[in-house]
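K.L.:
From the sequence below, what's the structure:
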Amino acid sequence: RPQAAAAITPPRVVPSAPPEIRPAAREEAAAETMAAVKRAYLAVYNWAVFFGWAQVLYFAVDALLRSGHEGVYAAVERPLQLAQTAAVLEILHGLVGLVRSPVSATLPQIGSRLFVTWGILWSFPETRTHILVSSLVISWSITEIIRYSFFGTKELFGSAPSSLLWLRYSSFLVMYPTGISSEVGLIYIALQFIK
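P.N.:
Residues are numbered from 1 along each chain as shown. Coordinates of the predicted model:
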């Protein structure tokens, strides 16, 4: 008698369940994602403010060369106000823990610059054509261009070149005295108009 052909049944494939993700691994992945988002945000913030200060420096030098120190403030007013006011975010960055800078150190520095930007230069037009505005704007711009490019590079690539590191921690020897003396001088000049 002829044998019946045995039906070949394919092996039964049981879909495997996705491997369980351990809670610790999930938390680690979330932490890595948050760290990447934080670094991306800080890189964008630092480079945006860098370009703001670069614009201030360009307009200041251009006005200085074209029309003398009397025209510097008019040339930089809006970009200066925007770039300097953007620094308020640094206080928030410290408060929420995005950066390690203590708010107690950040607040007075930003507060004094905002006072000069808005409380003196914006409030008292009589101060705007003084030669100290030029030294103030150029000192602030150079300082901030170095600082924001340092932090932007550090956030973007994980480190900054040694030349930028050197500039970051050495340029203040020249920029701090010129910046602070310009700030104090402009406040002193404004006193007669504050009365």
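K.L.:
Could you list the low-confidence segments of the chain?
P.N.:
1-7, 9-11, 13-21 (pLDDT under 70).
K.L.:
Could you tell me how far the longest helix along it lies from the centre of the chain?
P.N.:
When the chain is parsed with DSSP state H, its longest helix is helix 23-67. Distance, stretch centre to chain centre, for helix 23-67: 5 Å (Cα atoms, centre = their mean, to the nearest Å).
K.L.:
All the helices of this structure, residue numbers only.
P.N.:
Going by DSSP H, the chain shows helices at 23-67, 72-85, 88-96, 103-114, 131-157, 162-170, 172-194.
K.L.:
Val137 contacts Val76, correct?
P.N.:
Yes - with contact defined as Cβ atoms under 8 Å, Val137 counts as touching Val76 (5.6 Å). (Each C-beta comes from the backbone N, C-alpha and C, glycine too.)
K.L.:
which residues do these two both contact?
P.N.:
56, 60 (Cβ atoms under 8 Å, 6 or more residues apart in numbering).
K.L.:
mind listing what's buried in stretch 173-193?
P.N.:
175, 178-179, 182-183, 185-187, 189-190 (16 or more other Cβ atoms under 10 Å).
K.L.:
And stretch 40-53, by the same measure?
P.N.:
Result for stretch 40-53 [16+ other Cβ under 10 Å]: buried residues 42-43, 45-47, 49-53.
K.L.:
Tell me who's in contact with Val49.
P.N.:
Contacts of Val49 by Cβ under 8 Å, 6+ apart are 83, 86-87, 144, 148.
K.L.:
cool, and Thr153?
P.N.:
Residues in contact with Thr153, defined by Cβ under 8 Å, 6+ apart, are 159-161, 164.
K.L.:
Make a markdown table out of the residues you listed and add distance to Leu92 and neighbour count.
P.N.:
Shown next, in a markdown table, are the contacts of Thr153 (distance: Cβ to Cβ, whole Å; neighbours: other Cβ atoms under 10 Å):
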| residue | distance to Leu92 | neighbour count |
| --- | --- | --- |
| Ser159 | 25 | 10 |
| Ala160 | 23 | 18 |
| Pro161 | 29 | 11 |
| Leu164 | 25 | 18 |
